[in-house]
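Output the structure for:
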Amino acid sequence: MSYEPVIGLEVHVQLKTRSKMFCGCPTEFGAPPNTQTCPVCLGFPGSLPVLNETALLSALKVAHAVDCSISQQMKFHRKNYFYPDLPKNYQISQYDEPMSERGHLSIKVNGAEKTIRIKRVHLEEDAGKLIHEEGENSSLVDFNRSGMPLLEIVSEPDINSPDEAHEYLTALKLLLRYLDISDCDMEKGSLRCDANISVRKKGETSLGVKAEIKNMNSFKGVQAALEYEFKRQVKCIEDGERIIQETRLWDPDKAVTVSMRSKEEAHDYRYFPEPDLVPFTLPKDMQEAAKRSLPEFPETRKRRFIDKLGLPEYDAEVLIQDKDLSDYFEDCLKFYDKPKTVSNWIMGGISAFLNAKALRIKDIKLKVKPQALAGLFREIDSGRISGKMAKDVILEMLETGKDASKIIEEKGLAQISDGASLDKVADEVIAENKKTAEDFLKGKENALMFLVGQVMKKTKGRANPAVINEILRRKLSK
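Sure thing, here's the model as predicted:
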């Protein structure tokens, strides 16, 4: 195609704090409507906001993580607009002096690395939530969300495809989870994204007229909305129509964007300094504390898993996509120092169980502690159970929280490795399968595997395959 999209993303992240941005109201999700409010977050006359220190520290961590330049002075503004879910008729945000700006985030698309510049990272408060009940002619409003601490992360228009937008959001979400400043749960609304998109001919540098898309509740939704909007704008241009700067809503049921209103500019909000929050200088020690608290980042961890632990790149990539999963993996290594074995089981049986039950590793790590999983591996190494048996044992461990040794004992799963016991079974199998035994003596190796299978059948899978293999070879070679 002769056109390309130019995309910038605005990501709003609800910070993981116990109280709201400027008041002491709790931030618990799912509380009854309008039970987590006070005069401050409802904007009663005479009420005064006080900045949440934890929210500020979280914002500083993000700013450092994306290599932003930190402002020395903090300044808040009132962003004025009327909407039923905004009780004060203004939102406390930041305007001409954001907390931080000029950062970047690297992404990989189709194996190629690209740097997306970040324009600004700043703090603000959230609005309430309108509830539109089906079949009703009125809407309800819940102010529990009003005043929740938000971090807005605004990218430059450096994204040139819906795929790049998806990768940027995925990388940003992963980073935020590693920083542990938000649960980033889009279903709860703690991570939301608006997209600005325009089109231009390939090779041009000027920007076209943009549309802002809202109401996208998943990364795949963002990708689909951008794909549709790109095609819509290209068609408008080719049909000789004028692109209008506007806000559009994504309709996931019809898979289209629909016009909502004309796009506001900054002057439409009549920003002015927040008189109840005086500007202040960010303490150096607070900035340094935020920087020191930064964790190992996903890509750094991945490189260490490959270089230091010897994991294949695929394993390392899968593990680092979930910080809790990576932590669990490393905790297991403290009790069983075989990285590839641990990785195989976490990515295999454990992940399959979690996916089937729609659980995360944090939901089961207290049931199956790292030392308990290491205990299962030692049972395999000792020959007490086979790897095949262990698959059943790990499922029982995940369901009940019992130790591997207890499950093996209760279910009678211990392998039979006693030569005397297996000698008798081997004799029976050879006697019952004389032709197969003769085939083995004629050089047919597969015949031995059949005999091993028959022994396993007679012992209900409990015979040690290595031991019975050795016994059969010895008996047949006489």
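
for this structure, what helix or strand is lowest in average pLDDT?
Least confident element among the helices and strands of the chain, by mean pLDDT, DSSP states H and E: helix 419-432 (a mean of 77).

contacts for the next helix or strand after it?
Next along the chain after helix 419-432, taking DSSP states H and E as the criterion, comes helix 434-441. Helix 434-441 has contacts (Cβ atoms under 8 Å, 6 or more residues apart in numbering) with Ile430, Ala447, Leu448, Phe450, Leu451, Leu476. For every residue, glycine as well, the C-beta is placed using N, CA and C.

helices or strands next to the host helix or strand of the fifth one in the packing?
What it means is Leu451. Using DSSP H and E, Leu451 sits within helix 445-458. On a contact count with 3 or more Cβ pairs under 8 Å, 6 or more residues apart in numbering; DSSP states H and E, helix 445-458 meets helix 419-432, helix 434-441, helix 465-476.

With respect to Met148, which of those helices lies nearest?
Nearest to Met148 among those is helix 465-476 (58.4 Å), distances taken as Cβ to Cβ.

Let me know how buried the residue nearest to Thr341 when sequence neighbours are not counted is, in neighbour terms.
Setting aside the residues directly before and after it, Thr341 is nearest to Phe377 in space (Cβ to Cβ, 6 or more residues apart in numbering), at 6.2 Å. The number of residues packed around Phe377, counting by other Cβ atoms under 10 Å, is 18.

List the residues that contact Phe377.
Here Phe377 is in contact with Tyr336, Lys338, Thr341, Val342, Trp345 (criterion: Cβ under 8 Å, 6+ apart).

Format the residues you listed as CSV; extra columns: distance to Glu246, pLDDT and secondary structure.
Putting the contacts of Phe377 into CSV (distance: Cβ to Cβ, whole Å; pLDDT from 0 to 100; DSSP: H, G, I helix; E, B strand; the rest coil) gives the following:
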residue, distance to Glu246, pLDDT, secondary structure
Tyr336, 58, 96, coil
Lys338, 58, 96, coil
Thr341, 56, 96, helix
Val342, 53, 97, helix
Trp345, 52, 96, helix
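
filter those to the buried ones?
Tyr336, Val342, Trp345 (16 or more other Cβ atoms under 10 Å).

low-scoring stretches of the stretch 301-450 of the chain, by residue?
415-421 (pLDDT under 70).

Now do the helices in it.
313-320, 323-333, 339-345, 351-357, 361-364, 370-381, 387-400, 404-411, 419-432, 434-441, 445-458 (DSSP state H, counting those that start in this stretch).

Now the fifth one: buried residues?
Applying a neighbour-count criterion of 16+ other Cβ under 10 Å, the buried positions in helix 361-364 are Ile361, Ile364.

Please apply the same query to the fourth one.
Using 16+ other Cβ under 10 Å as the burial criterion, the residues of helix 351-357 that qualify are Phe353, Leu354.

re earlier: run the chain-centre distance for the helix holding Leu451.
46 Å (Cα atoms, centre = their mean, to the nearest Å).

and Ser259, how many neighbours?
Ser259 has 11 nearby residues by other Cβ under 10 Å.

Quick check: it touching Trp250?
No: if you go by Cβ atoms under 8 Å, Ser259 and Trp250 don't touch, sitting 11.8 Å apart.

Show the end-to-end separation of stretch 275-290, please.
End-to-end distance of stretch 275-290 (Cα to Cα, to the nearest Å): 27 Å.

Show me which parts of it are buried, residue by residue.
Leu277, Leu282, Gln287, Ala290.

which SS class is the third one?
Translated: Gln287. Three-state assignment for Gln287 (DSSP: H, G, I helix; E, B strand; the rest coil): helix.

so what's it up against?
Contacts of Gln287 (Cβ under 8 Å, 6+ apart): Leu60, Ile70.

Leaving out chain neighbours, which residue sits closest to Arg384?
Nearest to Arg384 is Ala414, by Cβ to Cβ, 6+ apart, at 5.3 Å.

I'd like to know how far that neighbour sits from Leu472.
21 Å (Cβ to Cβ, to the nearest Å).

Compare those two (neighbour count), which wins?
More crowded of Ala414 and Leu472, by other Cβ under 10 Å: Leu472, with 23 against 16.

I figured the more buried one hits Leu448, correct?
Yes: using Cβ under 8 Å, Leu472 is in contact with Leu448, at 6.2 Å.

for stretch 115-135, which positions count as buried?
Neighbour-count burial for stretch 115-135, counted by 16+ other Cβ under 10 Å, picks out Ile116, Ile118, Lys119, Arg120, Val121, His122, Leu123, Glu124, Glu125, Asp126, Ala127, Gly128.

Doesn't Val13 belong to a strand?
Yes: under three-state DSSP, Val13 sits within a strand.

What is the neighbour count of it?
Neighbours around Val13, by other Cβ under 10 Å: 25.

confidence score at it?
Val13 carries a pLDDT score of 97 in this model.

if I pick it, what's in contact with it?
Residues counted as contacts of Val13 (Cβ under 8 Å, 6+ apart) are Val62, Leu150, Leu151, Glu152, Ile153, Leu176, Ile181, Ser182, Cys184, Ser190, Leu191.

His77: which of these is nearest?
Glu152 (12.8 Å).

Pretty sure the closest one sits against Leu9.
No: under the criterion of Cβ under 8 Å, Glu152 makes no contact with Leu9, lying 10.8 Å away.

So for the two, which sits in the more crowded spot?
Regarding Glu152 and Leu9, a neighbour count based on other Cβ under 10 Å identifies Leu9 as having more, with 25 against 20.

thinking again about what came up before, in a markdown table, list the helices of the stretch 301-450 of the chain along with distance to Leu294.
Shown next, in a markdown table, are the helices of the stretch 301-450 of the chain (distance: least, Cβ to Cβ, whole Å):
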| stretch | distance to Leu294 |
| --- | --- |
| helix 313-320 | 16 |
| helix 323-333 | 13 |
| helix 339-345 | 25 |
| helix 351-357 | 28 |
| helix 361-364 | 21 |
| helix 370-381 | 25 |
| helix 387-400 | 33 |
| helix 404-411 | 37 |
| helix 419-432 | 57 |
| helix 434-441 | 63 |
| helix 445-458 | 53 |
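
out of those, nearest to Glu212?
Smallest distance to Glu212 across the helices of the stretch 301-450 of the chain (Cβ to Cβ): 31.5 Å, for helix 323-333.

who's in contact with the residue most central in space within the chain?
With distances taken as Cα atoms, centre = their mean, Leu174 lies nearest the centre of the chain, 5.4 Å away. Going by Cβ under 8 Å, 6+ apart, Leu174 touches Pro298, Ile320, Gln321, Lys323.

Equivalent analysis for Leu366, please.
Contact analysis of Leu366 by Cβ under 8 Å, 6+ apart lists Gly401.

ok so, going back, I'd like the buried residues of stretch 115-135 written out as a markdown table, with pLDDT added.
Below are those laid out as a markdown table (pLDDT from 0 to 100):
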| residue | pLDDT |
| --- | --- |
| Ile116 | 97 |
| Ile118 | 98 |
| Lys119 | 97 |
| Arg120 | 97 |
| Val121 | 97 |
| His122 | 97 |
| Leu123 | 97 |
| Glu124 | 97 |
| Glu125 | 97 |
| Asp126 | 96 |
| Ala127 | 95 |
| Gly128 | 95 |
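
I am finished for the moment; much appreciated.
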